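Trainee: this one's sequence-less:
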C-alpha cells in the first residue's frame, strides 16, 4: 500500500513538472518576446535600448530558455506567478481572493449532482431493458448535450426577466450591506440558485450515466450470478452484493468531474457575473494579462491533479485488487 | 453487407429508430452547412439581366465578404433564395424584430436575419466540429498506436503525456491558447484538435495492446514487413472501430466548445455568424429578444445531441455484449 501511494505521489510530481513545461512552452510559442508583445512593435523603438536590456535582464529574458524555465518553475512551485499587468498586484493574491467564491459554487454543484445523480443512475440500472431505463438513458444524453450558456440564458429569461423570482446577475444585491444577518444569507442564497442550477444539470447527467454503467457492469459479474443461484432474493442481491461493489468505482468520479466543474465555472461565472476564478480568468484572457492567465492555468491544473491523486489513493484503499495488482 | 464488422455494426445501428433519425439529422445539418450561400442569400439563386442568365448566389461560394459587392444590375427575372437575407446585411430599420414579418426567426440588434445567420453559422460549427475531430483522431491514433505497439518506454512516455494533458481543465487550456494566438476558425480547430486527442489515443492504445500479437500481425512480421507497415496497414484499420465512437462524441464536444468560445467572444472573428455569437447578442438583450435565445440554442443542442446519440448507438452496436 505504502509503495503504491509513494509511486503515485512520484507520478504526481512528474505530472506537475509536465504541467509547468507545457505551460512554459505555451507562453514561449507566442511569436516575439513578451516585451515586444506587451509594448507593441512601435513601443520598443521609442524606449532606449539600455532600458530594454535592463528589463530583459530583470525578467531573465536574456538567458537561454532552459535557465528561464528554471526561474519560472521555481516561482510556480511556490505559486509565485509574478504581478498582474492590469493592477500590479501579485497574481497569487488575486487568485486566492477569488477562490472561495468559485469553491462555493463548485462544491454545491458537486454535492447536489452526486446526491441526485447517483441514486437516479443506480435506479435506472436496476430497470435494465425496460422502457423507463431506455427513456432515462436518452434523458441523460439530452441533458449532457445542453449547452450550459444556453440553459443559463433560458433560466435568466424565465426566472429573472419574466417572473423576477431570482436575481439576474452578481453575488449580492445592491442593498446588501444594509441587510441584517438573515437577510444577507437569504440574499446570497437567492443569488446562488441560478448559477448552481446551471452547473448542476450537466454534472448530474455525468454522475447518473457513470453510476448506471458501473452497476450494470457489476450485475454482469459471475458473483452476482452465483448469489442468484444460491437463492438470494433480487433485493438482497442488489443491496448486499451489487450496490457495494458498484459504489467503489464512483470514487474515480471525483477525478473526472473536477476539471469539468472548473471549466464549467468559466462560462457560468461569466454569464452570471459571479466574482470567482472563472470570471477572473476570462477577464485576464480578454485583457491579455499573461501572468494571471498562466498562474490560473497552473493552479487549475494542480487542483485537477490533486483531485485525481486523492481519487486514485482512495480507490486503492477501497479496492485491494488495485494495490495488489500493482505489486504483482 | 453481411458478416463484416462494419456491415454487422450498421445493421445493428439501424435497429434504433432514434439513432437513425439522429444520423439523418446530422446529414441534413451537414448539407445545410455546405449549401448555406444557396439557402440564405439576399442575392437571387437565378437572375436574368441585360448580360443574360446568371446565379449571383452561387458566386458567393468563393466570396468571403459578399456584402461588399456592388449592387447587382436590375434583373428582369429573379428566383430568390429560400431565405432572402444575407447573414451580415445590416438593416437598422428592422432591429430586434420578433419572428414573422418576413424574417422567419426575427432579427438581431443590427437588424440581421437570425435564420440566415444560423444557416451560415452551421458552416462554422460543423467545420470546426469535423476538422478538430479529424486532427484529434490523427494525433490520438498516432500516439495510441506508438504506445500500444512498442509498449515499454514509449507506452510510459505517452501515458505520462496524456496524464499531463488531462490535468488542464479543457476550457482553461483552450482559452489560454486562443488568447495567446489570434482567435480565428483555424486557431480554434487546431487548438481543439490538439487538446482533445487523449480519448482517441487511449482507445487505439488499448486496441493495439490487444491485437499486436494476433496471427495476422505475426504473419506480417514473419514475412519481413517493417514496423511502419504493420502499424498502418495491418493493425490500425482493425483498431479504428472504437475511434469511430469517440470521434462522434468528439464532434459533439467540439461543436459545444466552439459555440462556448464564440459566446464568450473568443471564437470566430466577427462579423462571421456563429451559433454561439448569436447567443452572446441574446445575452446583451436578455430583456427583449427571446427568439435570439431560443433558436440558436436549439440549433446547438439538437446538433450536439444528434452526434452524441449517434456515437452512443455506434458504441452499443460495436459492443458484442449488448443486444
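Mentor: Great, that's in hand. Here the structure is a predicted model, which means the values were calculated and not measured.

Trainee: May I have the residues that are in contact with residue B:259?
Mentor: Shown in contact with residue B:259 (Cβ atoms under 8 Å, 6 or more residues apart in numbering or on different chains): A:147, A:149, B:125, B:267, B:274, B:275, B:276, B:279, B:300. The C-beta positions use only the backbone N, C-alpha and C, and glycine is treated the same way.

Trainee: What's the local residue count around the third one?
Mentor: Same thing as residue B:125. Residue B:125 has 27 neighbours, counted by other Cβ atoms under 10 Å in any protein chain shown.

Trainee: got it, and the first one?
Mentor: Burial measure for residue A:147: 24 neighbouring residues, criterion other Cβ under 10 Å.

Trainee: Just the pLDDT for it.
Mentor: In this model, residue A:147 is scored at 89, pLDDT.

Trainee: How about the third one?
Mentor: Note on residue B:125: pLDDT of 90.

Trainee: Take the contacts of residue B:259 and keep only those in helices.
Mentor: Among those, the members found in helices (DSSP state H) are A:149, B:125, B:275, B:276, B:279, B:300.

Trainee: ok, so of the residues you listed, who is nearest residue B:292?
Mentor: Here the nearest of the ones in helices among the contacts of residue B:259 to residue B:292, counting by Cβ to Cβ, is residue B:279; it sits at 7.5 Å.

Trainee: Now for the closest one: which residues touch it?
Mentor: A:149, A:150, A:153, B:259, B:263, B:292, B:293, B:296, B:297, B:300 are the contacts of residue B:279 under Cβ under 8 Å, 6+ apart.

Trainee: give me the low-pLDDT residue ranges for the chain?
Mentor: No chain specified, so I'll use chain A. Within chain A, the stretches with pLDDT under 70 are A:30-45, A:59, A:128, A:322-328.

Trainee: nope, chain B please
Mentor: For chain B, the ranges with pLDDT under 70 are B:1-3, B:62-76, B:321-323.

Trainee: what helix or strand does the spatially most central residue of it sit in?
Mentor: Nearest residue to the geometric centre of chain B (Cα atoms, centre = their mean): residue B:129, 2.1 Å. With secondary structure defined by DSSP states H and E, residue B:129 is part of helix B:114-150.

Trainee: ok, then the element right after that helix?
Mentor: Downstream of helix B:114-150, the first helix or strand assigned by DSSP H and E is helix B:152-167.

Trainee: The helix or strand following that next one vs helix B:152-167, what angle?
Mentor: For helix B:152-167, the following helix or strand on the C-terminal side (DSSP H and E) is helix B:170-180. Angle, helix B:170-180 to helix B:152-167, by axes from the mean of the first three to the mean of the last three Cα atoms, to 10 degrees: 80 degrees.

Trainee: Tell me the residues of the stretch 1-150 of chain A that contact chain B?
Mentor: Residues of the stretch 1-150 of chain A lying close to chain B (Cβ under 8 Å from any Cβ of the partner chain) are A:11, A:14-15, A:18-19, A:22, A:26-27, A:29-30, A:138, A:141-142, A:144-150.

Trainee: Let's see which of those residues end up in strands.
Mentor: Among those, no residue falls in strands (DSSP state E).

Trainee: So among those, which ones count as buried?
Mentor: Among these, the ones that count as buried by 16 or more other Cβ atoms under 10 Å in any protein chain shown are A:11, A:15, A:18-19, A:22, A:26-27, A:141, A:144-150.

Trainee: Relative to residue A:64, which of those is nearest.
Mentor: Looking across those and measuring by Cβ to Cβ, the closest to residue A:64 is residue A:27, at 15.5 Å.

Trainee: which one is the closest one nearest to, not counting chain neighbours?
Mentor: Nearest residue to residue A:27, sequence neighbours excluded (Cβ to Cβ, 6 or more residues apart in numbering or on different chains): residue A:294, at 6.1 Å.

Trainee: What number of residues are in the vicinity of that neighbour?
Mentor: The local packing of residue A:294 (other Cβ under 10 Å) involves 23 other residues.

Trainee: circling back: wait, which of the ones in helices among the contacts of residue B:259 is closest to residue B:238?
Mentor: Nearest to residue B:238 among the ones in helices among the contacts of residue B:259, with distances taken as Cβ to Cβ, is residue B:125, at 32.2 Å.
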